[in-house]
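> Provided below are the primary sequence and the corresponding predicted coordinates.
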Amino acid sequence: MTRAALVFSLFAALAWHVFADTEHFAIVLTIKDAIGPATGDYVHRGLEQAREGGAKLVIIRMDTPGGLDTAMREIIRDIIASPIPVVVYVAPSGARAASAGTYMLYAAHIAAMAPGTNLGAATPVQIGGLPEIKPPSGVGEDDKDEDRDTIDAMQKKIVNDAVAYIRSLAEMRDRNAEWAEKAVREAASLSAEEALRQGVVDVMARDIPELLSELDGREVNVAGQDVKLDTAGLVVQIIDPDWRSRLLAVITNPNVAYILMLLGVYGLIFELANPGSVLPGVIGAICLLLALYALQVLPVNYAGLALIILGIVFMISEAFVPSFGVLGIGGVIAFVIGSVILFDTGESGVAISIPLIGTLALLSAGFFMVVTGMALKVHRRPVVSGMEEMVGIQGEVLDDFDGSGRIRAHGESWQAHSDSPLRRGQKVRVTRLEGLTLVVEPINKEQ
């Protein structure tokens, strides 16, 4: 009986120890690249998993140059709504929280940085690499001033919206709102040491164990309630992006989505032009579905998408309805303009690489120029089939005749008519057709 009680006690202690470890843990999420739809999905599911598993703390370890505005705002909404304290930790040394990362740092319940890191440069910018919009030559100075005023007004609107947003986050978390505005308006940046000194972040720690030690006993406001952090001895569980997040990160890259869309369209066109090929249709359908999924989470300009499709239709039409290059050139122009404006770069900072657009436009143009050239050659080539092919061929007279008789041409016997008397075995040439009768003339007539 004593032995059984001892065994039971050991099992109970072991079960309690395992239970305690599983109930007293922190989840670490890692952001290492630009913030996009895949990042938003990864963070959202990580916070859900932390809530369902009963985690005591969520640490978002971050090193980012910025990213998509819509994805950043979704992440911030998830952080604010989280019933679990969220720490945004800029690490390791050498990492940064630029642009969108600065907003996320301000939104966190606890903002932390490792030594040798930096944050800031939060001004909304266009990263598509497009040139500045300039009024065309010949336009009056008043019109140019109006265009510049319009562009300046749009930029001010974007900047003012960003300032109001980051100030609201700073005031909610009781952080330095003045510097936050400076980071947006002047693209200011701070080192970890200066950020701690100026009240931009709450903690500076070399690694996660030191971070947990620094946070133990602090009070934070979570969902309107003050919560005292108990981080001593927390078991750290790292959740890495799964295959879904990695796949989403690849296909939501605007350049990849653009290539997938073109592969899908060309694959389906090839399948429709060559029924039964199967492989181009299957690949095209898969690529197009992946592209459509990516486009639904990216800021698509539908006018640009329509221009791309119109350009492809024009270039394909050139191959079937030769217009001496008019449709092909128009298609290339529509294709390039549509590709440039496909994504709304004004507010999102998402754009297709200009070299990629140029490369694909040149490849498409070259392909359709080759097709057009082949069509023109076929158009100029003499007819090699049908009744018209008989004109110009040689034949041999089967019997003497004056007016009408029979000749052999292409190994067949034909009714023929000639204005000159012909003898058996004489060589003749077909000059035209009159129904099923060949009009011929003797070859020696030209000699």
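It's in.

> quick one: residues contacting the closest residue in space to R423 that isn't next to it in sequence.
In space, and not counting its chain neighbours, R423 is closest to D400: 5.2 Å by C-beta to C-beta, 6 or more residues apart in numbering. The way it works is simple: take the backbone N, C-alpha and C, and place the C-beta from them, glycine included. D400 sits next to 421-424 when contact means C-beta atoms under 8 Å, 6 or more residues apart in numbering.

> low-confidence ranges in the chain?
Residues of the chain meeting the criterion pLDDT under 70: 1-23, 125-152, 273, 319-320, 322-325, 344-350, 368-389, 445-447.

> most centrally placed residue in it?
P254 (2.1 Å; C-alpha atoms, centre = their mean).

> next, the nearest residue to I110 once chain neighbours are set aside: secondary structure please.
Excluding the flanking residues, the one nearest I110 by C-beta to C-beta, 6+ apart is V87, at 4.3 Å. Judged by DSSP: H, G, I helix; E, B strand; the rest coil, the three-state class of V87 is strand.

> show me the contacts for V87.
Contacts of V87 by C-beta under 8 Å, 6+ apart are 57-60, 108-112, 211, 215.

> hang on, the earlier thing: the residue nearest to R423 and W414: what is the separation?
16 Å (C-beta to C-beta, to the nearest Å).

> ok, K157 next?
In terms of C-beta to C-beta, K157 sits 82 Å off from W414.

> looking at these two, which one has more neighbours?
Between K157 and W414, counted using other C-beta atoms under 10 Å, the more crowded position is W414 (18 against 12).

> list the contacts for M62?
M62 touches 30-31, 88-91, 95, 97, 101, 104-105, counting by C-beta under 8 Å, 6+ apart.

> inside strands: which ones of those?
The members of the contacts of M62 that map onto strands under DSSP state E are 30-31, 88-90, 97.

> and the furthest pair within those residues?
T30 and A97 (13.5 Å; C-beta to C-beta).

> neighbour count: the two, which is higher?
A97 (34 against 16).

> wouldn't the more buried one be in contact with Y103 here?
No. Counting by C-beta atoms under 8 Å, no contact exists between A97 and Y103, whose distance comes to 9.0 Å.

> right, and the residue nearest to the centre of the chain touches I354 too?
No. P254 is beyond contact range of I354, at 12.0 Å (criterion: C-beta under 8 Å).

> helices of the stretch 201-350 of the chain, start to end?
208-215, 243-251, 254-273, 279-297, 302-320, 326-340, 345-348 (DSSP state H, counting those that start in this stretch).

> out of the ones you listed, which gets nearest to H24?
Judging the helices of the stretch 201-350 of the chain by C-beta to C-beta, what sits closest to H24 is helix 208-215, at 11.5 Å.

> other residues contacting the closest one?
26, 28, 57, 59, 61, 87, 89, 91, 110, 112, 203, 205, 229, 231-232, 234, 236.

> just stretch 95-103 next, same as before
Outside stretch 95-103, the residues that reach it (C-beta under 8 Å, 6+ apart) are 31, 35, 62-69, 71-72, 76, 88, 90, 104-105, 113-114, 117-123, 125, 165-166, 169, 180, 183, 189.

> can you tell me which of those are in strands?
Per DSSP E, the subset of those in strands is 31, 62, 88, 90, 113, 118-120, 189.

> picking that back up, show me the beta-bridge partners of the residue nearest to I110.
When bridges are called by DSSP bridges, V87 pairs up with I59, I110.

> roughly how far does it sit from G116?
Distance from V87 to G116, by C-beta to C-beta: 18 Å.

> repeat that for G403.
Taken as C-beta to C-beta, the span from G403 to G116 is 106 Å.

> which one of those two is surrounded by more residues?
G116 (15 against 11).

> that one touches V90, doesn't it?
No. G116 is beyond contact range of V90, at 9.9 Å (criterion: C-beta under 8 Å).

> which residues do those two both contact?
Counting by C-beta under 8 Å, 6+ apart, the residues touching both G116 and V90 are A192.

> closest one of the contacts of V87 to I283?
I60 (37.6 Å).

> for the closest one, list the residues it contacts.
Counted by C-beta under 8 Å, 6+ apart, I60 has contacts 28-31, 43, 86-89, 104, 108.

> same deal with G338?
Contacts of G338 by C-beta under 8 Å, 6+ apart are 303-311.

> export the residues you listed to JSON lines and tack on neighbour count and distance to Q296?
Putting the contacts of G338 into JSON lines (neighbours: other C-beta atoms under 10 Å; distance: C-beta to C-beta, whole Å) gives the following:
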{"residue": "A303", "neighbour count": "12", "distance to Q296": "17"}
{"residue": "G304", "neighbour count": "18", "distance to Q296": "15"}
{"residue": "L305", "neighbour count": "17", "distance to Q296": "12"}
{"residue": "A306", "neighbour count": "12", "distance to Q296": "16"}
{"residue": "L307", "neighbour count": "21", "distance to Q296": "19"}
{"residue": "I308", "neighbour count": "22", "distance to Q296": "16"}
{"residue": "I309", "neighbour count": "15", "distance to Q296": "17"}
{"residue": "L310", "neighbour count": "16", "distance to Q296": "21"}
{"residue": "G311", "neighbour count": "23", "distance to Q296": "22"}
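
> export those to TSV and append columns for distance to Y293.
Below are the contacts of G338 laid out as TSV (distance: C-beta to C-beta, whole Å):
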residue	distance to Y293
A303	21
G304	18
L305	15
A306	19
L307	22
I308	17
I309	18
L310	23
G311	23
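
> how long is stretch 292-304 end to end?
End-to-end distance for stretch 292-304, by C-alpha to C-alpha, to the nearest Å: 15 Å.

> okay, buried residues for it please.
Neighbour counts using 16 or more other C-beta atoms under 10 Å place 293-295, 297-301, 304 of stretch 292-304 among the buried residues.

> cool, stretch 411-424 as well?
414, 416, 418, 422.

> first-to-last residue distance for it?
16 Å.

> with stretch 405-423 instead?
End to end - C-alpha to C-alpha - stretch 405-423 spans 10 Å.

> what's it in contact with?
390, 393-404, 428, 430, 434, 436-442, 445.

> how about stretch 180-190?
98, 102, 106, 118-124, 159, 162-163, 166-167, 169-170, 179, 198, 200.
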